[in-house]
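>>> Have a look; sequence and predicted model below, questions after that.
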Amino acid sequence: MQIYKVGGAVRDRLLGKPVTDIDWVVVGASTEEMLVKGYRPVGTDFPVFLHPLTGEEYALARTERKTGKGYGGFVFHAHPDVTLEQDLIRRDLTINAIAEDKNGQLTDPYHGQQDLEARVLRHVSPAFAEDPLRVLRVARFAARYAPDGFTIAPETLELMRQLSSSGELEALTPERSWKEISRALMEKEPQVFIEVLRECGALKVLMPEVDALFGVPQPEAHHPEIDTGLHVLSVLHQSALHRQPLSVRWACLLHDLGKGLTPQEEWPRHIAHEHKGLKAIKAMNQRFKVPRDCQELALLVGEYHTHGHRALELKPSTLLDLLQSFDVYRRPQRFEEFIAACEMDARGRKGFEERTYPQAEYLRGAAEAARQVAVQPLLEKGFQGQQLGEALKRERLDTLKVYKASYQL
């Protein structure tokens, strides 16, 4: 029985990066031996065990055979006679197919160290094309390691193209897809994830609404980059530079989907694109079973981001309606994330990356002013039920009128 550290832990140590999760593979052992040694079995797909003391995962060396469509269409064979090399060859990339024993000795049968040096993401074997999830994984790794100069090997990109056109991507479950998408969006260069998916043809399969934005022009006066798809990539990049949470990054990716629905004869104008895009945003939310907080923010940002940009021009009544839509009294954080998404949108334009966004301070001040209106004095005046709600709205509107009149940039 031999135990090796494998995958990301070895890869990141060799790259000089922090190691967070450690994967272990056990060669020459059976399920019975693991149980005798006190390891606790987890999962049902293949033999994985938790260490009795550390709780870390240890997987028996295994081979796999494609039997059906999708990520789950495999039969696994775990047995003491499966070698380390056989286990490593089923992995996705050469840089993830390096093993390290307890003495620090490396086993690298597929030249992963060489690809680390060359900064290349390369598939281990032709079996790469059997698992559609690997298209998303490689795109995610490209986003993670883009700052280090990594690129995808041409032959690997070709296999990704084959997978994208094979119909296999449609067999991915929403849960598996969202896990990769959400992790990719939180990388340092999330826009690279979208670029790679587009380059291999996967974007039009998985996110046709986003793919449709490329080649769609916008007015050059407001968008010097012109192309809507390039603008969305830039907005996503800004959201990473400013360390925004996942909900904001998802909203940034989806905020302009309505522009992909504008008839060509109306280009480069996109009248009412905010409202037109809501159906597309809902479709993407449902397709990937997106968490509720991300769903809600994406829809609100899609509908109201231009309100954010025009905040200083809004009438007090429109401003109040905006605050009400976000329920800033009970959900202040959601409005703060909306402001962040609007600022990323404004910065995600060629030449506007460093500009200040005074709308942010103005909107925060308006929300705070509206929140300061007390309910108790109205209750003491005898207002109840619907009348109380109307009186509270009038008070808040009057407060916003004063706020707007006295506000100075």
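Received the coordinates, thanks.
>>> Thr173 and Leu241, how far apart?
Distance check for Thr173 against Leu241: by Cβ to Cβ, to the nearest Å, it reads 32 Å. Every C-beta, even on glycine, is put in place using the N, C-alpha and C of the backbone.
>>> which secondary element of the protein has the worst mean pLDDT?
Lowest mean confidence among the helices and strands of the chain (mean pLDDT, DSSP states H and E): strand 74-78, at a mean of 73.
>>> Return the list of strands paired to that strand, each annotated with direction.
Under the criterion DSSP bridges, strand 74-78 sits next to strand 62-66 (antiparallel) in its sheet.
>>> Show me how far the strand it pairs with is from its chain's centre.
For strand 62-66, the separation from the chain centroid amounts to 29 Å (computed by Cα atoms, centre = their mean, to the nearest Å).
>>> hmm, back to that, can I get the least confident helix or strand of the chain in PDB, CA atoms only?
The C-alpha atoms that make up strand 74-78 are tabulated as PDB, following Å, rounded to 0.1, in the frame of the first residue of the first chain:
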ATOM      1  CA  PHE A  74     -18.300   6.400 -16.700                       C
ATOM      2  CA  VAL A  75     -17.700   3.000 -15.100                       C
ATOM      3  CA  PHE A  76     -14.800   3.000 -12.600                       C
ATOM      4  CA  HIS A  77     -12.500   0.200 -11.700                       C
ATOM      5  CA  ALA A  78     -10.700   0.400  -8.400                       C
END
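>>> Tell me the helix or strand right after that strand.
Next in sequence after strand 74-78, counting helices and strands by DSSP states H and E, comes helix 84-89.
>>> buried residues in that next one?
Within helix 84-89, the residues that count as buried by 16 or more other Cβ atoms under 10 Å are Leu84, Gln86, Asp87, Leu88.
>>> again with stretch 237-246
So for stretch 237-246, counting by 16+ other Cβ under 10 Å, buried means His237, Gln238, Ser239, Ala240, Gln244, Pro245, Leu246.
>>> what ranges do the helices span in the stretch 101-250 of the chain?
Taking DSSP state H, counting those that start in this stretch to define them, one finds helices in the stretch 101-250 of the chain at 112-118, 133-145, 154-165, 174-185, 190-199, 203-206, 208-211, 228-241, 246-254.
>>> Report the mean confidence score over the fourth one.
Put plainly, it is helix 174-185. Taken as a whole, helix 174-185 carries a mean pLDDT of 97.
>>> same check, this time on the second one
The average pLDDT within helix 133-145 is 97.
>>> for it, packing partners?
Under the contact criterion of 3 or more Cβ pairs under 8 Å, 6 or more residues apart in numbering; DSSP states H and E, the helices and strands touching helix 133-145 comprise strand 120-121, strand 151-152, helix 154-165, helix 174-185, helix 190-199.
>>> now what about the third one, what contacts it?
The set of residues external to helix 154-165 that reach it, using Cβ atoms under 8 Å, 6 or more residues apart in numbering, is 93, 121-123, 126, 128-129, 132, 134-135, 138, 152, 169, 196, 199-202, 205.
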